[in-house]
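J.: Please find the sequence and the predicted model below.
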Amino acid sequence: MSVCAKVSKAVLVAAAGLWLAASAGLTDPAPRRVVSVNLCTDQLAMMLAAPGQLVSVSHLAADPQSSAMATEARAYAPNMGQAEQVFLMRPDLVLAGTFSARAGIDLLRRLGVRVIEIPPAATLDDIPGHLRIIGQALGRETQAESLAAEFEASLDQLKINAPPARAALYYPSGYTTGAGTLADAILRHTGFSNVAADLGLAGGGNLPLERLVMAGPDVVVTATPYPGASRAEEILVHPALKAVQSRAGSAEVTDADWICGTPHVLRAVRAMAEAREALGGPRLTQRQEIR
């Protein structure tokens, strides 16, 4: 066999090997050093990563007011999301949100780092999809599928089918969330309409206290106060709001259970399902512990 023929044969064998490897997913091995720079991808990664695979999460992940996994986050090196800091961690995959600092994400990509961006969850149906995307990126598809199926089953058990009662989400500075948000989806899943959405608000924004009072909601949902005191929270103890709450039901929730589209939102879903029951809605058919 001539030298050229031997080379051609070697090239064909190598090409065939690459094709087989690609077909089997072997050319894209699971990342070994993963860094997350977004509060929500932090939690998805902590739930799915193999031991030692995730090396850093954002500093917000350890804040119990914002993160449903603050205790678990302390096991990882914190980062501030800065491209220089993240690059020095030598990641082969960075997980980010679509609202993460654009300049830093673009710089990491120019430096050859693979980045996957996850948009904020706007519906409860987004959560299983995001689990599967992160699971595939980490090479943990089986674990992601199991967690997604468990979430979907738990969510189905917490569904309230009843004429909607009216709920108002009211936070410091009169902030609320309307249509097209995860919070709105949680309310609708548990037998509520969203006062802010009914008033035409999409996304997040401020709801004047006067409009809230005139709307006369059946339940007012407020956040657990932060430590200390702030002028932004003064509206939550306003006499007019207290009068509305005395006539309506009231629920105090933890922001960490509502902010990110992870299975931890089941705690928020359960809290609102129980608030709907307290108004005389249908009882849940099965009680279960939401961890």
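T.: Here it is on my side, so go on.
J.: Tell me where the model's unsure across this protein.
T.: By pLDDT under 70, the weakly predicted segments of the chain are 1-28, 228-229, 281-291.
J.: Domain-wise, how is it divided?
T.: As assigned by automatic domain parsing, the chain contains the domains 34-155, 161-278.
J.: Tabulate those domains (a markdown table), appending mean neighbour count.
T.: (C-beta placed from N, C-alpha, C; glycine too.) Shown next, in a markdown table, are the domains of the chain (neighbours: other Cβ atoms under 10 Å):
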| stretch | mean neighbour count |
| --- | --- |
| domain 34-155 | 19 |
| domain 161-278 | 18 |
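J.: Gly81: what's it in contact with?
T.: Contacts for Gly81 (Cβ atoms under 8 Å, 6 or more residues apart in numbering) come out as Val37, Asn38, Ser58, Ser100, Ala101, Gly104.
J.: Please repeat the previous calculation with a cut-off of 7 Å.
T.: Applying Cβ atoms under 7 Å, 6 or more residues apart in numbering to Gly81 gives the contacts Val37, Ser58, Ser100, Ala101, Gly104.
J.: Kindly report the same for Arg33.
T.: By Cβ under 7 Å, 6+ apart, the neighbours of Arg33 are Val55, Arg90, Pro91, Asp92.
J.: State the helix or strand in which the residue nearest to the last one when sequence neighbours are not counted lies.
T.: Leaving out its chain neighbours, the residue that sits closest to Asp92 by Cβ to Cβ, 6 or more residues apart in numbering is Pro31, at 4.6 Å. Counting by DSSP states H and E, there is no helix or strand that carries Pro31.
J.: do you know how far Pro31 is from Ala50?
T.: Distance, Pro31 to Ala50, using Cβ to Cβ, to the nearest Å: 10 Å.
J.: again with Pro263
T.: Counting by Cβ to Cβ, the gap from Pro263 to Ala50 is 18 Å.
J.: What of Pro91?
T.: 15 Å.
J.: try Arg166
T.: Taking Cβ to Cβ, one finds Arg166 at 45 Å from Ala50.
J.: now do Ala149
T.: 20 Å.
J.: Quick check: closest non-adjacent residue to Thr254.
T.: Thr254 sits nearest to Thr224 (Cβ to Cβ, 6+ apart), 5.2 Å away.
J.: Contacts only, for the one you found.
T.: So Thr224 contacts Glu252, Val253, Thr254 (Cβ under 7 Å, 6+ apart).
J.: Rebuild these as CSV, extending it with secondary structure and distance to Arg188.
T.: Shown next, in CSV, are the contacts of Thr224 (DSSP: H, G, I helix; E, B strand; the rest coil; distance: Cβ to Cβ, whole Å):
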residue, secondary structure, distance to Arg188
Glu252, strand, 20
Val253, strand, 16
Thr254, coil, 20
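J.: how about CSV for those, with distance to Ala62 added?
T.: Listed next are these as CSV, based on distance: Cβ to Cβ, whole Å:
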residue, distance to Ala62
Glu252, 23
Val253, 20
Thr254, 15
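J.: right, and out of the residues you listed, which lies closest to Gln85?
T.: Thr254 (29.3 Å; Cβ to Cβ).
J.: As a check, name the ranges of all strands in the stretch 1-150 of the chain.
T.: For the stretch 1-150 of the chain, the strands defined by DSSP state E, counting those that start in this stretch occupy 34-36, 54-58, 77-79, 93-97, 115-118.
J.: Measure how the second one sits relative to strand 93-97, angle-wise.
T.: Here strand 54-58 points in a direction 30 degrees away from that of strand 93-97 (axes from the mean of the first three to the mean of the last three Cα atoms, to 10 degrees).
J.: Mind giving me the packing neighbours of strand 54-58?
T.: strand 34-36, helix 39-48, strand 77-79 (3 or more Cβ pairs under 7 Å, 6 or more residues apart in numbering; DSSP states H and E).
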